[in-house]
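sequence and predicted structure are below.
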Amino acid sequence: MQASPHILCVLNPTAGSGIALQRWPKIVALLESFQISYELLAEQDLTPDLQVCRRLEQNGPQKYAAIAGIGGDGTHSAAINGMMRYRAAHADQVLPPYVLMPLGTGNDMAKSFGLTARDDFFVGDLRRAVAAIRYGADYWLDLGCLDGVYFVNALTVGLDSHILREHNRRKQEVAHVPVMRRLIKGNLLYTWCVGARFWRQKPLNAEIAIDGRPWYTGPIINLVINNTRNYGGEFVICPDAYANDGLLDVVVFTGHTDYLAKYFLSFRNQPRRIQEMAERVNKVSAYARGQRIEVHLCRPEAAQYDGEEMPTSDRFRVRVEPHALHLKIPAEPG
């Protein structure tokens, strides 16, 4: 076995309703079994991006064979943004690779690279994630960027962003009622929020330019600027997307019917014939790819990136940063 690597672990104690903290002893045991030493960042009063950036400032990136995010999409997003913040201030430094350990609620980022939060009799994805530190494949990941904030999966403007806000609000409300907290969670809570918001969303006029050329002018209720192939963990709305192709994929949802049709056809567990139909529909229905996307709206609208809320705005200028982050992903099958 190669020399013992030393890594930096970033754990969100509240991720997945505390599941990351509960599983930490299992992760420690796996790290020890692979002879991997570690440092742990798990402060509750300091965001993961600040923790990562400060530790890299203190010790330098060369000390670490990898940085492992332990939590959900919010943890990974913050940790990666911390790494990018450090790189912006130290362009001569090489960042260590990043490892996804999926212990959140949605785990959409990890699903894009063949990992889930399951760790039971049949599936040991925690072991696969830890093994990736030593034996994983190297993947150079593109990142999307808006105003200095980086995203892995997608940036969304419109209905999906409102649904996320509704979900976050309802989740806080439900948390105060023990019976509801047990019954209304996960997909059920999300479905409730979709129903509560869907018909309240009004179309708005948009002008979208890609790589400096006008591309779309017309009504939208939702806009997705996607980087990975999976969206929302369960949908493939951009069939040609690759997260290392140097391009972002843009999908416009023009109305409520278009929104429902796209998501129904793009559900990734649909039979192959339906998936092929979705690919044909999407390619001729307000879908494009590019490196720079400019969006002008007739009014300020809600936005989110990788499940994190953003301030409303009527202008969004998004660019891709090709091969911005070195990932270690599992090489062994699930």
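Sure thing, it's come through.

now the phi/psi pair for the nearest residue to D160 once chain neighbours are set aside, please.
Nearest non-adjacent residue to D160, counting by C-beta to C-beta, 6 or more residues apart in numbering: N222, 5.5 Å away. Every residue, glycine included, has its C-beta placed from N, CA and C. Reported as degrees, to the nearest 10, the phi and psi values for N222 are phi -160, psi 140.

what bridges to N222?
When assigned by DSSP bridges, N222 has beta-bridge partners G158, F253.

what do you get for F267?
Beta-bridge partners of F267, as defined by DSSP bridges: F235.

run a quick neighbour tally on it.
Look at F267: counted by other C-beta atoms under 10 Å, it has 15 neighbours.

in a strand, M84, correct?
No: counting by DSSP: H, G, I helix; E, B strand; the rest coil, M84 is not part of a strand but helix.

show the pLDDT at it.
Confidence at M84, expressed as pLDDT, is 97.

ok, now A91?
pLDDT at A91 comes out at 93.

from M84, how far off is it?
From A91 across to M84, the span is 12 Å (C-beta to C-beta, to the nearest Å).

so between these two, which is more surrounded?
Neighbours were tallied for A91 and for M84 using other C-beta under 10 Å; the higher tally belongs to M84 (21 against 6).

for this structure, give me the ranges with low pLDDT.
For the chain, applying pLDDT under 70 flags the ranges 1-2, 16-17, 117-124, 170-190, 192-193, 195, 268-285, 333-334.

could you chop it up by domain?
Taking automatic domain parsing as the reference, the chain has its domains at 6-135, 154-325.

how about these in JSON lines, adding distance to D147?
JSON lines is the format used below for the domains of the chain (distance: least, C-beta to C-beta, whole Å):
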{"stretch": "domain 6-135", "distance to D147": "12"}
{"stretch": "domain 154-325", "distance to D147": "8"}
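
L143 is nearest to which of those domains?
domain 154-325 (4.2 Å; C-beta to C-beta).

G148 is nearest to which of the domains of the chain?
Counting by C-beta to C-beta, G148 lies closest to domain 6-135 out of those; the figure is 8.0 Å.

quick one: the helices in the stretch 51-200 of the chain?
For the stretch 51-200 of the chain, applying DSSP state H, counting those that start in this stretch gives helices covering 73-89, 108-111, 125-135, 159-174, 178-183, 186-197.

which residues touch the third one?
Yep, that's helix 125-135 we're talking about. 1-2, 5, 7, 23, 26-27, 30-31, 34, 36, 65-66, 68, 99-102, 110, 115-119, 328-332, 334 (C-beta atoms under 8 Å, 6 or more residues apart in numbering).

could you export it as CSV, CA atoms only?
C-alpha atoms of helix 125-135 as CSV (Å, rounded to 0.1, in the frame of the first residue of the first chain):
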residue,chain,number,x,y,z
ASP,A,125,-21.2,3.9,-0.5
LEU,A,126,-19.3,5.4,2.4
ARG,A,127,-16.7,2.8,1.9
ARG,A,128,-16.6,3.6,-1.8
ALA,A,129,-16.2,7.3,-1.0
VAL,A,130,-13.4,6.7,1.4
ALA,A,131,-11.7,4.3,-0.9
ALA,A,132,-11.7,7.0,-3.6
ILE,A,133,-9.1,9.0,-1.6
ARG,A,134,-6.6,6.3,-2.3
TYR,A,135,-7.8,4.5,-5.4
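
for this structure, what spans make up the strands?
Assigned by DSSP state E, the chain shows strands spanning 6-11, 37-41, 66-71, 98-102, 137-146, 149-151, 154-158, 204-210, 213-220, 222-226, 248-253, 287-290, 292-305, 308-329.

can you list those in JSON lines and add distance to A196 and mean neighbour count?
JSON lines is the format used below for the strands of the chain (distance: least, C-beta to C-beta, whole Å; neighbours: other C-beta atoms under 10 Å):
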{"stretch": "strand 6-11", "distance to A196": "33", "mean neighbour count": "22"}
{"stretch": "strand 37-41", "distance to A196": "37", "mean neighbour count": "15"}
{"stretch": "strand 66-71", "distance to A196": "27", "mean neighbour count": "28"}
{"stretch": "strand 98-102", "distance to A196": "28", "mean neighbour count": "27"}
{"stretch": "strand 137-146", "distance to A196": "27", "mean neighbour count": "18"}
{"stretch": "strand 149-151", "distance to A196": "26", "mean neighbour count": "21"}
{"stretch": "strand 154-158", "distance to A196": "16", "mean neighbour count": "26"}
{"stretch": "strand 204-210", "distance to A196": "20", "mean neighbour count": "17"}
{"stretch": "strand 213-220", "distance to A196": "21", "mean neighbour count": "14"}
{"stretch": "strand 222-226", "distance to A196": "16", "mean neighbour count": "25"}
{"stretch": "strand 248-253", "distance to A196": "18", "mean neighbour count": "24"}
{"stretch": "strand 287-290", "distance to A196": "28", "mean neighbour count": "19"}
{"stretch": "strand 292-305", "distance to A196": "15", "mean neighbour count": "19"}
{"stretch": "strand 308-329", "distance to A196": "17", "mean neighbour count": "17"}
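
redo these as a markdown table? Include distance to I80.
As requested, the strands of the chain are exported to a markdown table (distance: least, C-beta to C-beta, whole Å):
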| stretch | distance to I80 |
| --- | --- |
| strand 6-11 | 10 |
| strand 37-41 | 14 |
| strand 66-71 | 8 |
| strand 98-102 | 6 |
| strand 137-146 | 7 |
| strand 149-151 | 6 |
| strand 154-158 | 14 |
| strand 204-210 | 25 |
| strand 213-220 | 28 |
| strand 222-226 | 17 |
| strand 248-253 | 16 |
| strand 287-290 | 22 |
| strand 292-305 | 11 |
| strand 308-329 | 6 |
